[in-house]
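1. The following comprises the amino acid sequence and a computationally predicted model.
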Amino acid sequence: MKRGPAVEISLAAIKHNYELVRVLTNNRRVIATVKADAYGHGAVEIASTLEKLGVYCLGVAYAPEAIELRRAGINKIPILVYFDNLDAADIVKYDLTPIVYGVGKADVLSDVALKQNRQIDIHVDIDTGMGRVGFLYDRDIEGIKAISKLKGVRVTGFMSHFSEADLNDRSFAEVQLERALHLRAELSGVFQSAIWHMANSAAVMSFPSSHLDAVRPGLILYGSNAFEFDCTRPETAAFRPVMAVKARLLHIRRVPPGRSVSYGRTFVTMRESLIGVVGTGYADGYPRALSNKAHVLINGQFAPIIGRICMDVAMVDLTDCRGVEENAEVVLVGRQGDKEITASELAAWAGTISYEILISLGRVNGRVYLDEP
Ligand SMILES: *Cc1c(COP(=O)(O)O)cnc(C)c1O
């Protein structure tokens, strides 16, 4: 059993979000990104749910993530490995599809495959402006073409990644798409059967011309806002948050005015106050940066986090809340009554992005899977 708050994962919401992606993309093939333990939601459970829903392919960052899925029985669909320098033996053994971003790597894979009388499927990464990994769209074309001559690998796909598709101003995303389309035309005679995919969550939502042959969303499958810097976009509302995080109220105390709360005495009571102690801290992935910034939901009401968040507990001001008793449920992320706290709000309060909030709360705490919303 794990300490800390309980993380509830709605498989019904995953299904809803996956189906919404299919609708928004006119039934494009979906490469579901389940790296980092499915953004803290549990990769095995999320991947098997998506496999049953007919997802085309899964995407992870590193080999151990892919191997974990294969060992858990997810064997019917390809798994793309975005970054890892995969061991060819593992690729063959677990039937993985590496993303290749260098000729040397493709060479080695081809040699190993040929020695075993095999051919390995690979996808090739093109850097159209992400500036991370990938063949440079304008400089490395000969290198890409050289891969077509390797007998031990077969290029079944090309990918590229957007660096700022989550902005309202889509001009650089458009430049990136142009570069990819230009290269696709140039390579079409050489790699006839390869699919092209580019769209992350933000591009799935807002940039239909980038949907190409397949899309590669992560965040929106988990129901979070892909436009964190532009929260008003109406499309966002249709995705349903998959994760809720719930802690317990350990204790309530009445204290007079002028008393300081927690380390560093960053909060001092201005009035006679009811102060609650919540059973979660930064050890449970509730960021210390939320000190004096976040709200939680108790008894259907918002209550502010006051003072520094500690390793194991955090304090809330309950003075303005009605009917709160010890052991009450405290919602850190999710709904209670008609009110809601989203991972994006928490992220904004903590000065980060919802990806980091979901991963940090989801990975360390005990998760329960629900079939209802
Ligand atoms: C993480 C990642 C994605 C998914 O991004 P979201 O913003 O979560 O949709 C897609 N492709 C690659 C290569 C990634 O690293």
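-> Everything's here; your move.

2. In PDB, could you pull the C-alpha coordinates for stretch 332-342?
-> Taking Å, rounded to 0.1, in the frame of the first residue of the first chain, the C-alpha atoms of stretch 332-342 are listed here in PDB:
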ATOM      1  CA  LEU A 332      -6.500  18.300  -4.800                       C
ATOM      2  CA  VAL A 333      -7.300  17.700  -8.400                       C
ATOM      3  CA  GLY A 334     -10.800  16.900  -9.700                       C
ATOM      4  CA  ARG A 335     -14.400  17.700  -9.000                       C
ATOM      5  CA  GLN A 336     -16.400  17.900  -5.800                       C
ATOM      6  CA  GLY A 337     -20.000  19.000  -6.000                       C
ATOM      7  CA  ASP A 338     -20.300  21.600  -8.700                       C
ATOM      8  CA  LYS A 339     -16.700  22.800  -8.400                       C
ATOM      9  CA  GLU A 340     -13.500  21.600 -10.000                       C
ATOM     10  CA  ILE A 341      -9.800  22.100  -9.800                       C
ATOM     11  CA  THR A 342      -7.900  21.100 -12.900                       C
END
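
3. What residues sit buried inside it?
-> In terms of neighbour count (16 or more other Cβ atoms under 10 Å), stretch 332-342 has its buried residues at L332, V333, G334, Q336, I341, T342. Where you see a C-beta, it was placed from the backbone N, CA and C, and this is true even at glycine.

4. what's the answer for stretch 181-192, then?
-> By 16+ other Cβ under 10 Å, the buried positions in stretch 181-192 come out as L181, L183, R184, L187, F191.

5. pretty sure the last one is touching R154, no?
-> No. F191 is beyond contact range of R154, at 9.4 Å (criterion: Cβ atoms under 8 Å).

6. out of the buried residues of stretch 332-342, what pair is the most spread apart?
-> Q336 and T342 (12.8 Å; Cβ to Cβ).

7. so what's the residue in the stretch 51-200 of the chain positioned nearest to the ligand up against?
-> At 3.6 Å from the ligand, N200 is the closest residue in the stretch 51-200 of the chain, using Cβ to the nearest ligand atom. With contact set as Cβ atoms under 8 Å, 6 or more residues apart in numbering, N200 has these partners: T33, H161, F162, A165, R216, P217, G218, L219, A226.

8. May I have the phi/psi pair for it?
-> When quoted as degrees, to the nearest 10, the phi and psi of N200 stand at phi -90, psi -170.

9. separation between it and I31?
-> Distance check for N200 against I31: by Cβ to Cβ, to the nearest Å, it reads 10 Å.

10. list the residues that contact both of these two?
-> Both N200 and I31 are contacted by R216, under the criterion Cβ under 8 Å, 6+ apart.

11. Skipping its backbone neighbours, what lies nearest the residue in the stretch 201-350 of the chain positioned nearest to the ligand in space?
-> At 2.7 Å from the ligand, G218 is the closest residue in the stretch 201-350 of the chain, using Cβ to the nearest ligand atom. Sequence neighbours aside, T33 is the residue nearest to G218 in space, at 3.4 Å (criterion: Cβ to Cβ, 6 or more residues apart in numbering).

12. hey, what's the one you found bridged with?
-> Judged by DSSP bridges, the bridge partners of T33 are G59.

13. mind listing what it touches?
-> The contact partners of T33, taken as Cβ under 8 Å, 6+ apart, are L58, G59, V60, N200, R216, P217, G218, L221.

14. Please apply the same query to I14.
-> H41, I46, T49, L50, L221, Y222, V242.

15. Next, give phi and psi for the third one.
-> So the one you mean is T49. With angles defined as degrees, to the nearest 10, T49 sits at phi -60, psi -50.

16. and the longest helix belonging to the chain, what other elements does it pack with?
-> Longest helix in the chain by number of residues, with DSSP state H as the criterion: helix 171-187. Packing partners of helix 171-187 (3 or more Cβ pairs under 8 Å, 6 or more residues apart in numbering; DSSP states H and E): strand 120-127, helix 141-147, strand 153-159, strand 195-199.

17. In a markdown table, list those along with mean neighbour count.
-> Formatted as a markdown table, these follow (neighbours: other Cβ atoms under 10 Å):
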| stretch | mean neighbour count |
| --- | --- |
| strand 120-127 | 24 |
| helix 141-147 | 16 |
| strand 153-159 | 22 |
| strand 195-199 | 24 |
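
18. Just put those in TSV and tack on mean pLDDT.
-> What follows is those, written out as TSV (pLDDT from 0 to 100):
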stretch	mean pLDDT
strand 120-127	97
helix 141-147	95
strand 153-159	97
strand 195-199	98
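
19. Can you show me the helices along the protein?
-> Going by DSSP H, the chain shows helices at 11-24, 35-40, 43-52, 63-71, 88-94, 103-115, 141-147, 171-187, 201-206, 343-350, 354-364.

20. Out of the ones you listed, which one sits most buried?
-> Comparing the helices of the chain by mean neighbour count (mean count of other Cβ atoms under 10 Å), helix 201-206 ranks first with a mean of 26.
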